[in-house]
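Student: Next one to model:
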Amino acid sequence: MEFARLMVTVDLSPTTADRIKLASALAKQFGGKLIGAAAREIRFPDFMPGKGLDARVLDALELRAKADLESAKELFFREVDNAVRPAWRSDTESPLDFLIRESRSADLLVVGRHGPGDGDRGEFDFSVGTLLMESGRPVFLVPPNTSRISTERILIAWKDTRETRRAIADALPLLRSARQVWLATFGLDIARDVQDISEYLSAHGIEPRATAVSVASDNPATDILAFAEAENSEIVVMGAYGHSRLREWMFGGVTRYFLENTPICCFMSR
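Tutor: Numbering: from 1, shown residues only. Below you'll find the model as predicted:
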């Protein structure tokens, strides 16, 4: 897998310009094309039973949605580097449904972190976790106010699961670009894991430095982030864990913590 086509989500929140710049830099680094994507749902107000909405109200709501999408498009082309052959896609529909469908066109989705304190994306809002779980594409999660990223030092949070194996395979182009890759393992009796995954990475031209990390029982995510900070890693590669009740995703504690709180960029796959 290569990052020939990247897609960045665009909305009108204050953090979007930084995310576009970062996605543009990633696309340029990997020689890929960057697609800006935005959807803005038209939400109709409540009305009295038996009474429809005036056609003028409907027209005004549609015009407002299209104007917002035009503003998002202008923001994208203002911030993007033309060297990445930028393209634009948008529609007036559910942002989540739109992004899940359009993700078929990209190798990697660049999205913003959206925790409780990260602001309101308004009618552009969608569940990052559901996109991650249903798109079939890896997600590059960007915290607010992050417009630059170095791929030189990367931490792999290794756990012997399908999700982590998938994340490492998806992240190979990213890992090959690194100067230093840490393979941080969690748990007991992991010597064979370390040997096998180290040999796998070596076969792809990546020589990781393996280490065992003790994990606190209350919040393992903080241990992962503490190690990343100590080693000056700017990206964490990890699997995402969750299960669905219809479209309501229930995440494991580490996945949920990163989706809402990660202070550094995170490459996640399911």
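
Student: Could you report the neighbour count for Arg104?
Tutor: 10 (other C-beta atoms under 10 Å). To be clear about C-beta, it is placed using only N, CA and C from the backbone, and glycine gets the same treatment.

Student: part of a helix, is it?
Tutor: Yes. Arg104: assigned to a helix according to DSSP: H, G, I helix; E, B strand; the rest coil.

Student: Now do the contacts for it.
Tutor: By C-beta atoms under 8 Å, 6 or more residues apart in numbering, the contact set of Arg104 is Gly136.

Student: Ile35 versus that one, what's the distance?
Tutor: 11 Å (C-beta to C-beta, to the nearest Å).

Student: Also Glu260?
Tutor: From Glu260 to Ile35 the distance is 26 Å (C-beta to C-beta).

Student: and if you look at Ala212?
Tutor: 40 Å.

Student: Would you list the phi and psi of the closest residue to Thr211 other than its chain neighbours?
Tutor: Using C-beta to C-beta, 6 or more residues apart in numbering and skipping residues adjacent in sequence, the residue nearest Thr211 is Ala184, 5.7 Å away. Here is the backbone geometry of Ala184 (degrees, to the nearest 10): phi -90, psi 120.

Student: For the protein, just list every one of the helices.
Tutor: 16-29, 55-79, 95-102, 128-134, 162-170, 172-176, 191-203, 220-230, 253-261 (DSSP state H).

Student: Using a markdown table, lay out the ones you listed together with mean pLDDT.
Tutor: Putting the helices of the chain into a markdown table (pLDDT from 0 to 100) gives the following:
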| stretch | mean pLDDT |
| --- | --- |
| helix 16-29 | 97 |
| helix 55-79 | 91 |
| helix 95-102 | 97 |
| helix 128-134 | 91 |
| helix 162-170 | 94 |
| helix 172-176 | 96 |
| helix 191-203 | 86 |
| helix 220-230 | 86 |
| helix 253-261 | 86 |
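
Student: and the ones you listed as CSV, adding distance to Arg113 and mean neighbour count?
Tutor: CSV is the format used below for these (distance: least, C-beta to C-beta, whole Å; neighbours: other C-beta atoms under 10 Å):
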stretch, distance to Arg113, mean neighbour count
helix 16-29, 10, 22
helix 55-79, 18, 14
helix 95-102, 16, 20
helix 128-134, 7, 21
helix 162-170, 17, 18
helix 172-176, 18, 19
helix 191-203, 27, 14
helix 220-230, 13, 17
helix 253-261, 7, 19
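
Student: Point out the one among those helices that comes closest to Phe44.
Tutor: The minimum distance between Phe44 and these falls on helix 55-79, with 6.7 Å, by C-beta to C-beta.
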